[in-house]
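Asker: attaching a predicted model along with its sequence, questions to come.
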Amino acid sequence: MRAEISRPAIIVFTIFIVIYYGLPFLTQMVFPGRFEYYFNMPNHLFFVLWVPAVFLLVLILDILLPRVNFNKTLLVAVGRLASNESLNFVLALGFLVLALIFSSQYSYSFRHHVRFQEAGKLVMLVFGIKAYFSSMVFGLLLMTLNGFYITKFQRLINVLVLISMVLTATSSYDVLFILIILLFCIKLEKPIFMTKKSNGVVGFIKTNFKYLFVGVFGFLALFMGVANKYGVETSTQLLFSGEFFFLVIRRISMWYVSLQIAGESILNDLSISMEANVGLLQDIFRRFSIILGQPADKPEIWGINRMNHTIVYPVITSHAGSSPGLFATIFYIPFFPSGIVVVSLYIIFILRNFGDLLKYSRANLSLVSYPLLVLFLGVFFESPIEQINLIGKSFIYFIISLGWIFFIKHRMSYEK
């Protein structure tokens, strides 16, 4: 028996835990009271222990459990279709047209003035196609890390996508995706994402330029994330104050606080998880009804994210949802403690297949690649239950990214 999850995948998952759970935990320990004003925090930190406990269980089960063989034909076909350059060129042109219309009607303040659920078909299409091309960039990154060549036609597609992403940027994640697409446009993906020994002053500059470049864009992403929540003017005023740091931490702490709050709330009242799952199913049927031309009322609790929002925040915002994250999902899965097993097996499935693509290139991965891979895997680590909502941007990104992973593995089995 041996571990199946590759070392690079473990590193990526560890960085994910440090960013989204470790930093908020340390902040709460050093600056007690910072979270209590904004969230319904419990009086203890017991549920933080679920993170290392589940991580340890994953490592043990990875050694004990053999790989399960299943028919990957459909996922490989999804990846093959998503990698078709002719199709992507047509979609990129359509994305550009939609982006120009979106930009003329909205602006960066879109989220401050428009509810996504009420924005209409244009916004639904824009966010859906953004999810599609975000998964494409993830696939291109995985191909680069495994030595595959990016064609000139693909780079032209990337330029079209870059312009469209800039026109439709509404979040900090968009800034980071724009950065990565830009690197593919100007052929800097290998110097940034992969290491190469260089000597002399020029070599030193080339080696460290990537960190400066990514650092600048990382700062812009953080600023945009805060500005998206509090406005550009307020964020600019707070930029050089200590409060800006706490605003950033609060932005990335949702999964951390959800683990503590949802854990305590649901274990005290198991009906919370059942109500959330029933609401999710009702919302799926509602969306299909809308597609079929039969409008239906949105349920009060339309899923895991909505329920999580109502128990996490002391002041509930109408039409808002908050992802509980990977570990808090344990409590939302019906019939606790079944969620422990489900989430652990889900983590193993993702890390094993994702890690297969990294173990062949681990000697070449730069330090920049690891946190960016955490970014791309973010949707996988939000809430596995929400991925069953077939009509949503998260599902689009999730299923197409899985397709890319299995398609690249399929190609590697023939070409390497």
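Answerer: Arrived safely.

Asker: how far away is Asp283 from Val30?
Answerer: 39 Å (Cβ to Cβ, to the nearest Å). Every C-beta, even on glycine, is put in place using the N, C-alpha and C of the backbone.

Asker: what about these two, which has more around it?
Answerer: Set Asp283 next to Val30 and count neighbours by other Cβ atoms under 10 Å: Asp283 wins out with 20 against 8.

Asker: so after the helix or strand containing that one, what's the next helix or strand?
Answerer: For Asp283, the host element (DSSP states H and E) is helix 271-291. Later in the chain than helix 271-291, the nearest helix or strand by DSSP H and E is helix 304-312.

Asker: by contact count, what packs against that next one?
Answerer: helix 254-268, helix 271-291, helix 325-332 (3 or more Cβ pairs under 8 Å, 6 or more residues apart in numbering; DSSP states H and E).

Asker: now those as CSV including distance to Glu300?
Answerer: Formatted as CSV, the helices and strands packed on helix 304-312 follow (distance: least, Cβ to Cβ, whole Å):
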stretch, distance to Glu300
helix 254-268, 17
helix 271-291, 8
helix 325-332, 17
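
Asker: just name the most buried of those helices.
Answerer: The highest mean neighbour count among the helices and strands packed on helix 304-312, using mean count of other Cβ atoms under 10 Å, belongs to helix 325-332: a mean of 26.

Asker: neighbouring contacts of that helix?
Answerer: Around helix 325-332, the neighbours that count as contacts under Cβ atoms under 8 Å, 6 or more residues apart in numbering are 20-21, 50-51, 54, 254-256, 258-259, 262-263, 266-267, 273, 276-277, 304, 307-308, 324, 336-337, 339-340, 342-343, 347, 381-385.

Asker: that one vs helix 254-268, what angle?
Answerer: On the basis of axes from the mean of the first three to the mean of the last three Cα atoms, to 10 degrees, helix 325-332 is oriented at 10 degrees to helix 254-268.

Asker: quick one: average pLDDT of helix 325-332?
Answerer: Taken as a whole, helix 325-332 has a mean pLDDT of 93.

Asker: lowest mean pLDDT across the helices and strands packed on helix 304-312, which one is that?
Answerer: helix 271-291 - the lowest mean pLDDT of the helices and strands packed on helix 304-312, at a mean of 82.

Asker: who's in contact with that helix?
Answerer: For helix 271-291, contacts defined as Cβ under 8 Å, 6+ apart pick out 265-266, 295-304, 306-308, 311, 331-334, 336, 385-386, 388-391.

Asker: alpha carbons of stretch 395-407, as CSV, please.
Answerer: C-alpha atoms of stretch 395-407 as CSV (Å, rounded to 0.1, in the frame of the first residue of the first chain):
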residue,chain,number,x,y,z
PHE,A,395,-21.3,23.7,-12.2
ILE,A,396,-20.1,24.8,-15.6
TYR,A,397,-16.6,25.5,-14.3
PHE,A,398,-16.6,22.3,-12.2
ILE,A,399,-17.6,19.9,-14.9
ILE,A,400,-15.5,21.4,-17.7
SER,A,401,-12.4,21.7,-15.5
LEU,A,402,-12.8,18.0,-14.6
GLY,A,403,-13.1,17.3,-18.4
TRP,A,404,-9.8,19.2,-18.9
ILE,A,405,-8.1,17.1,-16.2
PHE,A,406,-9.2,13.7,-17.6
PHE,A,407,-8.6,14.8,-21.2
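
Asker: buried set for that stretch?
Answerer: Neighbour-count burial for stretch 395-407 flags 395-407 (criterion: 16 or more other Cβ atoms under 10 Å).

Asker: of the residues you listed, closest to Leu98?
Answerer: Ile396 (14.9 Å; Cβ to Cβ).

Asker: which residues touch the closest one?
Answerer: By Cβ under 8 Å, 6+ apart, the contact set of Ile396 is Gly128, Ala131, Tyr132, Ser135.

Asker: that's all I had, so thanks and see you.
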